[in-house]
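J.: from the sequence below, what's the structure:
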Amino acid sequence: MEDKKNGYKSKRYDFPTKRYCQTLDLKDDPELIEEYKKRHGQACHWPEIGEGIKSVGILEMEIYLCGNRLFMIVETPADFDWDTAFARLAGLPRQAEWEEYMSVFQQADPNASSAEKWQLMERIFHLYE
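T.: Alright, predicted model coming up:
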(Lines give C-alpha, C1' and ligand atoms only; values in the text may rest on other atoms or scores of the structure.)
Protein backbone atom coordinates (compact mmCIF):
# COMPACT_ATOMS: atom_id res chain seq x y z
CA MET A 1 0.00 0.00 0.00
CA GLU A 2 1.25 3.47 -0.87
CA ASP A 3 1.83 6.00 1.90
CA LYS A 4 -0.87 8.63 1.44
CA LYS A 5 1.42 11.37 2.75
CA ASN A 6 3.74 10.77 -0.21
CA GLY A 7 0.90 11.43 -2.67
CA TYR A 8 -0.16 9.49 -5.73
CA LYS A 9 1.45 9.94 -9.12
CA SER A 10 -0.71 11.24 -11.94
CA LYS A 11 -0.63 9.98 -15.49
CA ARG A 12 0.36 12.46 -18.21
CA TYR A 13 -1.24 12.74 -21.62
CA ASP A 14 -0.13 14.48 -24.81
CA PHE A 15 -3.58 15.99 -25.32
CA PRO A 16 -5.98 18.14 -23.28
CA THR A 17 -7.89 16.37 -20.53
CA LYS A 18 -10.48 17.19 -17.93
CA ARG A 19 -11.55 15.56 -14.70
CA TYR A 20 -14.80 14.90 -12.95
CA CYS A 21 -15.12 14.41 -9.21
CA GLN A 22 -17.91 12.56 -7.51
CA THR A 23 -18.79 11.11 -4.14
CA LEU A 24 -20.74 8.21 -2.66
CA ASP A 25 -21.25 7.12 0.93
CA LEU A 26 -20.76 3.55 2.10
CA LYS A 27 -22.65 1.96 4.96
CA ASP A 28 -20.84 2.94 8.15
CA ASP A 29 -19.62 -0.56 9.02
CA PRO A 30 -15.83 -1.15 9.23
CA GLU A 31 -16.10 -4.80 8.15
CA LEU A 32 -18.18 -3.91 5.09
CA ILE A 33 -15.77 -1.10 4.21
CA GLU A 34 -12.80 -3.48 4.36
CA GLU A 35 -14.61 -5.91 2.05
CA TYR A 36 -15.46 -3.06 -0.33
CA LYS A 37 -11.77 -2.13 -0.46
CA LYS A 38 -10.84 -5.78 -1.06
CA ARG A 39 -13.31 -6.10 -3.97
CA HIS A 40 -11.74 -3.04 -5.60
CA GLY A 41 -8.22 -4.44 -5.24
CA GLN A 42 -6.43 -5.75 -8.30
CA ALA A 43 -6.82 -9.38 -7.23
CA CYS A 44 -10.63 -9.18 -6.96
CA HIS A 45 -11.56 -6.56 -9.54
CA TRP A 46 -13.45 -7.88 -12.57
CA PRO A 47 -11.42 -7.24 -15.76
CA GLU A 48 -14.58 -6.61 -17.81
CA ILE A 49 -15.36 -3.60 -15.62
CA GLY A 50 -12.02 -1.90 -16.24
CA GLU A 51 -12.22 -2.73 -19.95
CA GLY A 52 -15.71 -1.21 -20.14
CA ILE A 53 -14.61 1.95 -18.35
CA LYS A 54 -11.76 2.41 -20.81
CA SER A 55 -13.96 1.59 -23.81
CA VAL A 56 -16.25 4.57 -23.14
CA GLY A 57 -13.28 6.94 -23.19
CA ILE A 58 -12.28 7.19 -19.54
CA LEU A 59 -8.50 7.50 -19.24
CA GLU A 60 -8.17 7.05 -15.48
CA MET A 61 -10.51 6.42 -12.59
CA GLU A 62 -9.42 6.56 -8.97
CA ILE A 63 -11.39 6.08 -5.76
CA TYR A 64 -10.27 7.50 -2.43
CA LEU A 65 -11.74 6.73 0.99
CA CYS A 66 -12.18 8.85 4.12
CA GLY A 67 -14.24 7.18 6.84
CA ASN A 68 -17.24 5.81 4.96
CA ARG A 69 -17.17 8.48 2.21
CA LEU A 70 -15.79 7.65 -1.23
CA PHE A 71 -14.31 10.29 -3.51
CA MET A 72 -13.77 9.42 -7.17
CA ILE A 73 -11.69 11.22 -9.77
CA VAL A 74 -12.49 10.43 -13.40
CA GLU A 75 -10.01 11.73 -15.98
CA THR A 76 -11.09 11.98 -19.60
CA PRO A 77 -10.19 13.63 -22.90
CA ALA A 78 -11.36 17.25 -23.10
CA ASP A 79 -14.16 16.37 -25.58
CA PHE A 80 -15.65 13.63 -23.35
CA ASP A 81 -19.45 13.62 -23.01
CA TRP A 82 -20.43 12.35 -19.53
CA ASP A 83 -24.06 11.43 -20.22
CA THR A 84 -23.33 9.59 -23.46
CA ALA A 85 -20.42 7.65 -21.97
CA PHE A 86 -22.24 6.59 -18.82
CA ALA A 87 -25.34 5.56 -20.78
CA ARG A 88 -23.07 3.30 -22.87
CA LEU A 89 -21.23 2.03 -19.79
CA ALA A 90 -24.47 0.99 -18.07
CA GLY A 91 -25.25 -1.39 -20.95
CA LEU A 92 -21.84 -3.06 -21.21
CA PRO A 93 -21.26 -6.70 -20.19
CA ARG A 94 -21.42 -7.34 -16.44
CA GLN A 95 -21.72 -3.64 -15.55
CA ALA A 96 -25.20 -3.96 -14.01
CA GLU A 97 -24.07 -7.14 -12.26
CA TRP A 98 -21.03 -5.31 -10.82
CA GLU A 99 -23.20 -2.44 -9.59
CA GLU A 100 -25.56 -4.87 -7.87
CA TYR A 101 -22.59 -6.84 -6.44
CA MET A 102 -21.18 -3.65 -4.89
CA SER A 103 -24.54 -2.25 -3.73
CA VAL A 104 -24.53 -4.16 -0.44
CA PHE A 105 -21.85 -1.73 0.78
CA GLN A 106 -23.36 1.49 -0.54
CA GLN A 107 -25.96 3.90 0.79
CA ALA A 108 -27.72 3.83 -2.57
CA ASP A 109 -30.45 2.03 -4.48
CA PRO A 110 -29.12 -1.46 -5.33
CA ASN A 111 -30.73 -1.25 -8.79
CA ALA A 112 -29.16 2.11 -9.64
CA SER A 113 -26.52 2.58 -12.31
CA SER A 114 -23.12 4.00 -11.44
CA ALA A 115 -24.15 7.43 -12.74
CA GLU A 116 -27.27 7.34 -10.54
CA LYS A 117 -25.38 6.32 -7.36
CA TRP A 118 -22.41 8.64 -7.55
CA GLN A 119 -23.01 12.37 -7.06
CA LEU A 120 -21.00 14.70 -9.29
CA MET A 121 -19.31 17.43 -7.29
CA GLU A 122 -18.98 21.14 -7.95
CA ARG A 123 -15.48 22.60 -8.01
CA ILE A 124 -15.39 25.59 -5.68
CA PHE A 125 -11.66 26.37 -5.74
CA HIS A 126 -8.51 25.96 -7.80
CA LEU A 127 -5.26 27.90 -7.98
CA TYR A 128 -6.29 30.89 -10.01
CA GLU A 129 -3.94 32.26 -12.65
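
J.: from here on, just use CA atoms for contacts and neighbour counts.
T.: OK.

J.: grab the most central residue of this structure for me.
T.: Closest to where the C-alpha atoms of the chain average out (C-alpha atoms, centre = their mean) is Met72, at 4.7 Å.

J.: isn't it up against Tyr64?
T.: Yes. Applying C-alpha atoms under 8 Å as the test, Met72 and Tyr64 come out as touching, 6.2 Å apart.

J.: which residues are in contact with both of the two?
T.: Shared contacts of Met72 and Tyr64, defined by C-alpha atoms under 8 Å, 6 or more residues apart in numbering, are absent.

J.: residues contacting Cys44?
T.: Lys38.

J.: shouldn't it be within a helix?
T.: No. If the criterion is DSSP: H, G, I helix; E, B strand; the rest coil, then Cys44 is coil and not within a helix.

J.: without its sequence neighbours, what residue ends up closest to the residue nearest to the centre of the chain?
T.: In this structure, Met72 finds its nearest non-sequential neighbour in Ile63, 4.3 Å apart by C-alpha to C-alpha, 6 or more residues apart in numbering.
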